[in-house]
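In: Provided below for reference: sequence and predicted model.
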Protein chains: 2
Amino acid sequence: MTDTHPAAAATLTAEVAAACIAAADAFTAYRATGREERAVFLETIAAEILAIGDDLIVAAMQESGLPRARLEGERGRTVGQLRMFADVVRKGAWQQLRIDPALPDRQPLPRPALHLRMIPVGPVAVFGASNFPLAFSTAGGDTASALAAGCPVVVKGHPAHPRTGALVAAAIARAVEVCGLPAGVFGHLAGPSIALGEALVQDPRIAAVGFTGSRAGGLALSRLAQARKVPIPVYAEMSSINPVLLLPHALKTRGAALGKAYAGSMTMGAGQFCTNPGLVLAIDGEGLEDFMAAAAQEIAAAAAQTMLTSGIHEAYQSGVSTLEAMPDVEALARGQAGDAMQGQAALFRTNARAFLANEAMSHEVFGASSIVVVCRDADELTAVLEQLEGQLTVTLHMDAADEAQAASLLPLLETIAGRILANGWPTGVEVCHAMVHGGPFPATSDPRTTSVGSLAIDRFLRPVSYQNLSETLLPPELRDGAQGDGVPRLIDGVLTL
Amino acid sequence: MTDTHPAAAATLTAEVAAACIAAADAFTAYRATGREERAVFLETIAAEILAIGDDLIVAAMQESGLPRARLEGERGRTVGQLRMFADVVRKGAWQQLRIDPALPDRQPLPRPALHLRMIPVGPVAVFGASNFPLAFSTAGGDTASALAAGCPVVVKGHPAHPRTGALVAAAIARAVEVCGLPAGVFGHLAGPSIALGEALVQDPRIAAVGFTGSRAGGLALSRLAQARKVPIPVYAEMSSINPVLLLPHALKTRGAALGKAYAGSMTMGAGQFCTNPGLVLAIDGEGLEDFMAAAAQEIAAAAAQTMLTSGIHEAYQSGVSTLEAMPDVEALARGQAGDAMQGQAALFRTNARAFLANEAMSHEVFGASSIVVVCRDADELTAVLEQLEGQLTVTLHMDAADEAQAASLLPLLETIAGRILANGWPTGVEVCHAMVHGGPFPATSDPRTTSVGSLAIDRFLRPVSYQNLSETLLPPELRDGAQGDGVPRLIDGVLTL
């Protein structure tokens, strides 16, 4: 707690403790809610967010600098993922019900009846992202999945969009009240203080943390969480440069079109996406110069765009300057200049040898900056891939004639990233069941999970086994009479619907 | 690396690196094996272990001091869990296949096809347990579940049973050869060195660790794993005192019978089980004196039993002496004295106030030592439960008339332990689908998992999403043509068989 005076620190500690105590007190009642009740609660949050109306969009525009259409889309996504989790909660598969019936006559020893289900881990702390003030902040993916799992949530409001956060927090609080749930099901701690976030992660009542942001921030929270008397998991989505591979035939047949599309993906939202394509890998050959020329032309014409915060803007400027000054790095194009808070796109090229020799070249520059690495041959391309840190995505641009090469790369690509795309761009993350927005360290702190999509609920669950409990003591879903309700169960190892 | 000379340390480092390099090299080929091929491999390991014959039992008896019947049973369990994982691998549900088909006409944007499956995390380091030289060591639960997931395994052989470990390692190596797999699929590092284990966890090719042993050991490995450049998960099963609650009606109707059964569970295998009942909680009332008298009588008559290692024996003696010397702790009975390596059972009683005031009273004493905590009333019982650390198990002895009290305790018990039992004893862990051998810290380092039962495979898997990949590039199980093979798939959010 280095950024507060002692008196302020005491107030802050009391505020954090109060929110966490309320969450812990609400936990038993909240996790006891039935699936329908919990689903209706998630839908009510969605309705209350929509009910804020245009005030929410206007606040988010003013605070983030993002345009109206983008924020309206993001609101739709936020509401959509709450509804998706409502559907998931109703269907009940997340409980992973398992039943091994008693075998009283088994030799040499009888088997007792064993029943298993997933239960929520406890109150969850959520740190929202600046780049998605709606879909990955106060009522975003982490909050939605934790509430779906049955965990109360305490949000550390993002200082880059305090009014937006407060509007959404009030909507969730109304939903809590409308649904007759204890107020502690949702807590909201506003304020720019880093100490507040630290105190939240250290509070003994918090059982898990969801975080989206910088690598430094995610690692700091992970260290705090590990140093607790009872360590807890931190699900931090941190940094990724999202390599895009241009395979030879695709490059040859449509180099210029790919270059143009690349520039579009790279500059979308001022490049402020976790899945922004910050690295392109290609083997030197036909089409590559067309690709770079087309991309450079688009970038040179790209208007400057307002960035989310002055801190992000400064870090972007500094990252671009660092890249520019590196040996064997050539600037292919800069976008249009803008005002003091606007980011000017930047496109670079280098060769694989230089890239392999300079680890700093693979650091994320958050914003519309990207580098094309020209490889001599397939071996050099593989060497670059093998040196990369963990990524959220890796993309292949390929034609049918590239399939053999793509197939031989796939096992390696699977070890690098959580999502592998063909002939698309990594920006634009679908909220669905088969999505993985995650990946090996340092893309995230835990590659066994995703922060987008319905699988995200698993992060906030743990298994409990019940041995020889009477029907009346078993949770309702595990009683004999409950079977046939459409919830999947693994009975004696056989999945039944 | 404090326990080795420089030259020995260099040899050791080279030995660890060689095993990890071989495992990493074998990973691509091993994870590409089909389900049937991998299942047959697990079954072949089981067959090769049985083919060792009586030499294995004799070696384990000599090294562990455990009796023949127990080790023959443990061999059956070891072979049984390999076969269970073979069955799990064949059924394929562990892949968690998910398919969200393309929606080309969706407005405002089309949805690309998304496919998801679980893939293995990479080479796994396994540290076996001394108390299960077969079922939780070289070819034990961690090894079986990691191999089932598609991960090569490097075992750090337990120094308490080197010959047993070597025999089993040779059996696995034969199975690797018989099945035509790369030798690196299984590595075995023998020797007592702590530095060897440290080097193994720090090797950059290791992706996860399975550990069963002491809290100090598990925490040390966890810290090393967290301090790596790329942190990795450590699944450590550490310490638990497995509270047993005697509810009033059960105590009243069968106090003496419960006391006798308690002594049996507590002294089984010299008390050297992770699920040994080290703590009994009861409200003062009818039947409690009968319970304690019956237990004391059994304990006083209990023969001394050879313990696994001299270190475990010393720690047991020291733990019992510490308990004995605590204020308000009364020795109810000591078992028969034995020779220098034998453990003498120890039964104590105290009251809830003393227990609550002295945190050290709840520390695990590995061996046949247990303490009965007498509570004044239900509130005091709850206070003791709320102060307890995380446990593997918690047990209720109850009659129908105790159900209301049991039901009110259950939500709290679920937050304490991974397995809740009624009218049984925690010793004896069933290997099945609905088992959880895990629990909140410090019972384990990761309460989201189990180390026994088929759910253990999840520890060594991570999700990967494929966006817009052609049928030929998709993994076989995710292609359209594969549907109908009996493997469950979540298609557009609907589970289909």
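Out: Perfect, thanks for sending it.

In: where does chain A dip in pLDDT?
Out: Counting by pLDDT under 70, the ranges of chain A that qualify are A:1-4.

In: hmm, 90 instead?
Out: For chain A, applying pLDDT under 90 flags the ranges A:1-13, A:107-108, A:191-194, A:340-341, A:428, A:481, A:484, A:497.

In: in it, which spans are helices?
Out: Along chain A, counting by DSSP state H, helices occupy A:6-31, A:35-52, A:54-64, A:68-91, A:141-149, A:162-178, A:194-202, A:215-227, A:248-267, A:288-301, A:310-324, A:352-357, A:378-387, A:403-416.

In: okay, the ones you listed in TSV with distance to chain B and mean neighbour count next?
Out: All C-beta spots, glycine's among them, are computed from the backbone N, C-alpha and C. Conversion of the helices of chain A to TSV gives the following (distance: least, Cβ to the nearest Cβ, whole Å; neighbours: other Cβ atoms under 10 Å in any protein chain shown):
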stretch	distance to chain B	mean neighbour count
helix A:6-31	5	18
helix A:35-52	14	20
helix A:54-64	17	19
helix A:68-91	7	20
helix A:141-149	11	30
helix A:162-178	20	20
helix A:194-202	15	21
helix A:215-227	5	18
helix A:248-267	13	21
helix A:288-301	20	19
helix A:310-324	21	16
helix A:352-357	17	18
helix A:378-387	11	16
helix A:403-416	5	17
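
In: Among the ones you listed, which comes closest to residue A:365?
Out: Comparing the helices of chain A by their distance to residue A:365 (Cβ to Cβ), the top pick is helix A:310-324, with 3.3 Å.

In: got the contact list for residue A:138?
Out: By Cβ atoms under 8 Å, 6 or more residues apart in numbering or on different chains, the residues touching residue A:138 are A:128, A:155, A:157, A:158, A:164, A:165, A:168, A:169, A:172, A:188.

In: farthest-separated two in those residues?
Out: The largest separation in the contacts of residue A:138, counting by Cβ to Cβ, is between A:158 and A:172 at 15.0 Å.

In: re earlier: return the closest of the contacts of residue A:138 with respect to residue B:90.
Out: The shortest approach to residue B:90 among the contacts of residue A:138 belongs to residue A:128, at 43.2 Å (Cβ to Cβ).

In: how many neighbours does that closest one have?
Out: Residue A:128: 30 surrounding residues under other Cβ atoms under 10 Å in any protein chain shown.

In: dump the residue contacts of it.
Out: Residue A:128 makes contacts with A:136, A:137, A:138, A:140, A:142, A:155, A:156, A:157, A:158, A:165, A:212, as judged by Cβ under 8 Å, 6+ apart.

In: how close does it get to residue A:203?
Out: The gap separating residue A:128 from residue A:203 is 18 Å, by Cβ to Cβ, to the nearest Å.

In: Residue A:391 too?
Out: For residue A:391 relative to residue A:203 (Cβ to Cβ), the value is 32 Å.

In: The two: who's more crowded?
Out: A direct count of neighbours by other Cβ under 10 Å for residue A:391 and residue A:203 places residue A:391 higher, at 30 against 21.

In: thinking that one is in contact with residue A:238, fair?
Out: No. With contact defined as Cβ atoms under 8 Å, residue A:391 does not reach residue A:238; the gap is 11.0 Å.

In: joint contacts of these two?
Out: With Cβ under 8 Å, 6+ apart, residue A:391 and residue A:238 have common neighbours residue A:443.

In: residues in contact with the nearest residue to residue A:148 once chain neighbours are set aside?
Out: Leaving out its chain neighbours, the residue that sits closest to residue A:148 by Cβ to Cβ, 6 or more residues apart in numbering or on different chains is residue A:85, at 3.9 Å. Contacts were defined as Cβ under 8 Å, 6+ apart; by that measure residue A:85 touches A:42, A:144, A:145, A:147, A:148, A:454, A:457.

In: repeat that with 10 Å
Out: Residue A:85 sits next to A:38-39, A:42-43, A:45-46, A:94, A:141, A:143-149, A:431, A:454, A:456-457 when contact means Cβ atoms under 10 Å, 6 or more residues apart in numbering or on different chains.

In: which phi and psi does the closest residue to residue A:131 other than its chain neighbours have?
Out: Spatial nearest neighbour of residue A:131, chain neighbours left out: residue A:272 (4.5 Å); criterion: Cβ to Cβ, 6+ apart. With angles defined as degrees, to the nearest 10, residue A:272 sits at phi -90, psi 50.
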